[in-house]
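Below is the structure, and that's it, no one-letter string:
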């Protein structure tokens, strides 16, 4: 069993952002999902890092002109941020 530190998700997000800039959208999403898996397992579903990853995924979908999917990820991000403000 591989143990990941929550910060390990950040490099995956950085790689995803590089793929986004190269317009390799499927690879960008693949690395965002890797980051999200680590973050969810180590931090739980309600964290700033998870919200940031959802925002990154929204950016990918926006670049792909899939605005409905982008909006869904934007909403997931804002829902998490709102819950964190309540704590």
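Here it is on my side, so go on. Note that the coordinates shown come from a computational prediction; the quantities given were computed from them, not determined experimentally. Numbering: from 1, shown residues only.

Okay, now the unreliable bits of this structure?
1-8 (pLDDT under 70).

Can you show me the helices along it?
9-21, 25-43, 48-63, 67-86 (DSSP state H).

Tell me which of these sits most buried.
helix 48-63 (a mean of 21; mean count of other CB atoms under 10 Å). For every residue, glycine as well, the C-beta is placed using N, CA and C.

Return the residues in contact with the spatially most central residue of the chain.
What sits nearest the mean C-alpha location of the chain, by CA atoms, centre = their mean, is residue 53, with 1.8 Å. Contacts for residue 53 were tallied using CB atoms under 8 Å, 6 or more residues apart in numbering; they are 9, 13, 32, 35, 36, 39.

State the distance from it to residue 23.
20 Å (CB to CB, to the nearest Å).

And for residue 47?
Residue 47 is 29 Å from residue 23, by CB to CB.

and those two? which has more neighbours close in?
residue 47 (18 against 11; other CB atoms under 10 Å).

where's residue 58 relative to residue 51, distance?
On the measure of CB to CB, residue 58 and residue 51 end up 11 Å apart.

Between those two, which contacts overlap?
residue 77.

Residue 10 touches residue 43, doesn't it?
No - the criterion here is CB atoms under 8 Å, and residue 10 misses it with residue 43 at 11.6 Å.

list residues touching both of those two?
Contacts common to residue 10 and residue 43, judged by CB under 8 Å, 6+ apart, are residue 49.

contacts for stretch 18-31?
12, 13, 15, 16, 17, 56, 57, 59, 60, 63, 64.

Equivalent analysis for stretch 67-75, please.
Counting by CB under 8 Å, 6+ apart, 54, 55, 57, 58, 59, 61, 62 sit against stretch 67-75.
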